[in-house]
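1. Model the structure of this input:
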Amino acid sequence: MQNIIRKTVLKLLKITARDIVIKHHYTGSKFKLNSYNHKGYWYHGKKREEETVAIFKKWINKNNFVLEIGGQIGYFTTFYANLVGVNSKVTVFEPSNINLSYLRANVNFLPNELSKNVNIEQKGAGDINGELDFYIDPISGQNNSFVKDFDGFKTSREQSADKDIEVIIHKVPVTTLDGYFEDKDNFPDFVKIDVEGFEWNVIKGFMKTIENHKPSIMIEIQSDADKIIPYFKSIGYHVLNDKLEEIESIEDYYKKKSPNIFLKKQ
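-> Got it, this is the predicted structure:
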């Protein structure tokens, strides 16, 4: 019965879908989203990833430089801009044209002294410099991935009113983050990586910068935990779940894992 009700509600939401503007739950600024595609933001509100948000508030300080890989529609981008304030910056990588239209609108809703410090890079990050196929989730944009047949999209599709919809494939530019920062003299204090199964590729192209500058990092790990956890342990990072419990090994990760993993230099 619950499943039937859920499907009916989703169909109604899809039929009535439109772009709306709500108040961002943490910044108080206007925030543009689609009532169906981005329903998780308005439906869950402050309960959405609340443990993760609490850690962001602890770990990100005024004047920090935040790097966000996978900005989606800018919910966290705009939150980071508020956390770091007027004397620092947020750089966000987002290759999806669909997401970018919302991301830019939401950055523009910020006060000018904050919005001018947000730098949007219309590209992906990975372990090559070139172009890759990008598989765009046309339902929500939250399962966009460089990974073909990404499981997150399949799950999202099954739970939606769009069970027959397929991904949209675009070629997009990709850069290594080591290459991106090669000629720069300002490096991130905090990095968020949310790339739907492409995490290890991003890290492989970022290792030199990570090892030289040791930023604090949050990763939503969808795959390759058996590579990611040992790597960060080997270079002297604390590995923590979203309750800030220490993860000692890959075996410990599987016991204590949470959707988002936090990494801090020892």
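2. Please report how far residue 248 lies from residue 231.
-> According to CB to CB, to the nearest Å, residue 248 stands 15 Å off from residue 231. Backbone N, C-alpha and C define where each C-beta goes, glycine included.
3. Of these two, which one has the most company?
-> Each of residue 248 and residue 231 has its neighbours counted (other CB atoms under 10 Å); residue 231 has more, 18 against 14.
4. Now for the nearest residue to that one once chain neighbours are set aside, how many residues are close by?
-> Nearest non-adjacent residue to residue 231, counting by CB to CB, 6 or more residues apart in numbering: residue 203, 6.9 Å away. When neighbours are counted by other CB under 10 Å, residue 203 registers 25.
5. In a helix, residue 203, correct?
-> Yes: Residue 203 forms part of a helix when assessed by DSSP: H, G, I helix; E, B strand; the rest coil.
6. how about the nearest residue to the most centrally placed residue in the chain, chain neighbours excluded?
-> Nearest to the geometric centre of the chain sits residue 194, at 3.5 Å (CA atoms, centre = their mean). In space, and not counting its chain neighbours, residue 194 is closest to residue 70: 4.0 Å by CB to CB, 6+ apart.
7. what number of residues lie near that neighbour?
-> Neighbours of residue 70 under the rule other CB under 10 Å: 25.
8. just the one 5 residues further on next, same as before
-> The number of residues packed near residue 75 is 23, by other CB under 10 Å.
9. Check the gap between it and residue 193 for me.
-> 16 Å.
10. ok, residue 199 touching residue 224?
-> Yes: using CB atoms under 8 Å, residue 199 makes contact with residue 224 at a distance of 6.3 Å.
11. Please say which of the two ends up with more neighbours.
-> More crowded of residue 199 and residue 224, by other CB under 10 Å: residue 199, with 24 against 16.
12. Low-confidence bits of the chain, can you list those?
-> Residue ranges of the chain with pLDDT under 70: 1-11, 13, 138-142, 150-165.
13. And the helices in it?
-> 2-15, 39-44, 50-59, 75-84, 97-109, 112-115, 151-158, 177-181, 199-204, 207-213, 225-234, 250-256 (DSSP state H).
14. Any chance of TSV for these, columns distance to residue 130?
-> Formatted as TSV, the helices of the chain follow (distance: least, CB to CB, whole Å):
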stretch	distance to residue 130
helix 2-15	37
helix 39-44	33
helix 50-59	32
helix 75-84	25
helix 97-109	19
helix 112-115	31
helix 151-158	23
helix 177-181	11
helix 199-204	12
helix 207-213	18
helix 225-234	22
helix 250-256	31
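15. and residue 241, which of these is closest to it?
-> For residue 241, the closest of those is helix 250-256, at 5.1 Å, according to CB to CB.
16. how about the CA coordinates for that closest one, as PDB?
-> Extracted C-alpha coordinates of helix 250-256, given in PDB (Å, rounded to 0.1, in the frame of the first residue of the first chain):
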ATOM      1  CA  ILE A 250      39.500  -1.200   5.300                       C
ATOM      2  CA  GLU A 251      38.000  -4.000   7.400                       C
ATOM      3  CA  ASP A 252      37.100  -1.300  10.000                       C
ATOM      4  CA  TYR A 253      35.600   0.800   7.300                       C
ATOM      5  CA  TYR A 254      33.100  -1.800   6.400                       C
ATOM      6  CA  LYS A 255      32.000  -2.000  10.100                       C
ATOM      7  CA  LYS A 256      31.800   1.800  10.600                       C
END
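17. Quick one: list the elements packing against it.
-> Judged by 3 or more CB pairs under 8 Å, 6 or more residues apart in numbering; DSSP states H and E, helix 250-256 is in contact with helix 225-234.
18. Which residues belonging to the helix it packs on are considered buried?
-> 225, 228, 229, 231, 232, 233 (16 or more other CB atoms under 10 Å).
19. Relative to residue 124, which of the residues you listed is nearest.
-> Using CB to CB, residue 228 comes nearest to residue 124 of these, at 18.0 Å.
20. Next up, the contacts around that closest one.
-> 199, 200, 203, 219, 221, 261 (CB atoms under 8 Å, 6 or more residues apart in numbering).
21. these two touch, right, the third one and residue 230?
-> Which is residue 203. No: in this structure residue 203 lies outside contact range of residue 230 using CB under 8 Å: 11.8 Å.
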